[in-house]
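> with the input below, show me the fold.
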Amino acid sequence: MSKYPGHLSGNNPPPYYAHSHWAPPPPPLPHPPHYPPSDPSHPHPTPYPYYVPGAVMIPVPVGAPYPPPTSDPPPQPTYITNYYYHGESSNAPSIENQVKVVENSGDFDWVPTTATTAHSLTGKAVLGGHEGWDGSPLWVIRSWHAGELIPGKLSVRHNRASVMYDGKEIPVQNIEVLCARPENLRWVPASNGSVPPGAIAGGHTVSGETLYVGRATYQLSVTPGKVHPSHKCCYIGFAGNEVSHRVYDVLTRI
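Presented below is the predicted three-dimensional model:
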């Protein structure tokens with residue numbers, strides 16, 4: 001007789017017995033759901049083939065992870081730059097003595113505005129010069145700073161205005177733009193703090209000294225600024241600094 005019940009050959013326990021004790025055989029497993037019904041001609045039925053899912057594309061909302069595009073211009077420096085230009089000077093606009101303005105109702109007027117809204121005065125403002133790096137126009141303006149009323153410049157294309165004070169170019173927002181009829185004003189050469197008859201007063205210092213509207217050429221730019229007679233020069237703003245010139249033009253009434 002076999003050592004283990006139900007086993008007719010050998011002394012090893014069948015595979016369904018535990019190694020530590022005998023146990024009755026487990027109940028037969030149910031028919032696997034993925035096997036087809038028994039077929040007498042196939043004693044060992046073949047399982048159904050496994051289903052392997054293909055790659056699934058997950059839709060991603062277009063543009064969701066990114067901020068919407070913006071049409072804002074690139075940030076500008078806080079001062080009117082007058083960038084250094086290292087190309088040929090033949091492309092720089094020529095300097096003309098005649099003031100480039102259109103007709104206005106009065107002889108000349110200082111019109112209050114701001115650096116960001118002054119473009120509404122296009123066609124009326126006095127053109128004092130141009131930027132050397134991009135040729136954009138510079139208007140004649142004035143503004144208050146440290147108790148002084150100081151002539152300066154406005155880059156209308158870039159909405160930036162500045163005046164010169166204590167060796168620096170000072171950005172300003174509240175300004176007055178000079179508007180005039182073209183036949184009433186003219187740029188006249190001068191030097192060493194002198195001003196010709198009919199010079200346009202653009203402001204004054206804390207001590208009461210008159211500051212006149214002037215302009216000077218520097219690094220291919222023609223930049224409006226202030227003539228300071230006691231300092232014997234004309235100051236313009238350039239790349240954040242106050243630059244003095246002994247030779248300059250003065251805006252005068254004809």
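> any stretches of this structure with poor pLDDT?
1-106 (pLDDT under 70).
> switch the cut-off to 90
Counting by pLDDT under 90, the low-confidence segments of the chain come to 1-107, 181-184, 254.
> quick one: the helices in it?
For the chain, applying DSSP state H gives no helices.
> just the strands in it please.
108-114, 127-130, 137-145, 148-155, 160-165, 168-172, 174-180, 185-191, 201-204, 210-218, 221-228, 233-238, 241-245, 247-253 (DSSP state E).
> got TSV for those, with distance to Leu121 and mean neighbour count too?
Backbone N, C-alpha and C define where each C-beta goes, glycine included. Compiled in TSV, these are given as follows (distance: least, Cβ to Cβ, whole Å; neighbours: other Cβ atoms under 10 Å):
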stretch	distance to Leu121	mean neighbour count
strand 108-114	6	16
strand 127-130	11	23
strand 137-145	8	24
strand 148-155	10	26
strand 160-165	12	26
strand 168-172	16	20
strand 174-180	5	22
strand 185-191	16	18
strand 201-204	17	19
strand 210-218	16	23
strand 221-228	15	28
strand 233-238	20	28
strand 241-245	26	18
strand 247-253	17	21
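> any chance of TSV for these, columns distance to Ser120?
Putting the strands of the chain into TSV (distance: least, Cβ to Cβ, whole Å) gives the following:
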stretch	distance to Ser120
strand 108-114	7
strand 127-130	16
strand 137-145	12
strand 148-155	12
strand 160-165	14
strand 168-172	18
strand 174-180	10
strand 185-191	21
strand 201-204	21
strand 210-218	21
strand 221-228	20
strand 233-238	23
strand 241-245	29
strand 247-253	22
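> hmm, Phe238 is touching Thr223, no?
Yes: shown here, Phe238 and Thr223 form a contact pair, counting by Cβ atoms under 8 Å, at 6.6 Å.
> so Thr223 sits against Trp133, correct?
No: Thr223 is beyond contact range of Trp133, at 11.8 Å (criterion: Cβ under 8 Å).
> hmm, who's touching stretch 240-250?
77, 79, 97, 164-169, 187-192, 195-196, 199-200, 212-216, 218, 227, 231-237 (Cβ atoms under 8 Å, 6 or more residues apart in numbering).
> could you check how far the nearest residue to Gly237 once chain neighbours are set aside is from Ser221?
Nearest residue to Gly237 in three dimensions, chain neighbours excluded: Glu169, at 3.4 Å (Cβ to Cβ, 6 or more residues apart in numbering). Computed as Cβ to Cβ, to the nearest Å, the Glu169 to Ser221 distance reads 13 Å.
> for Leu178, same thing?
19 Å.
> ok, now Glu148?
24 Å.
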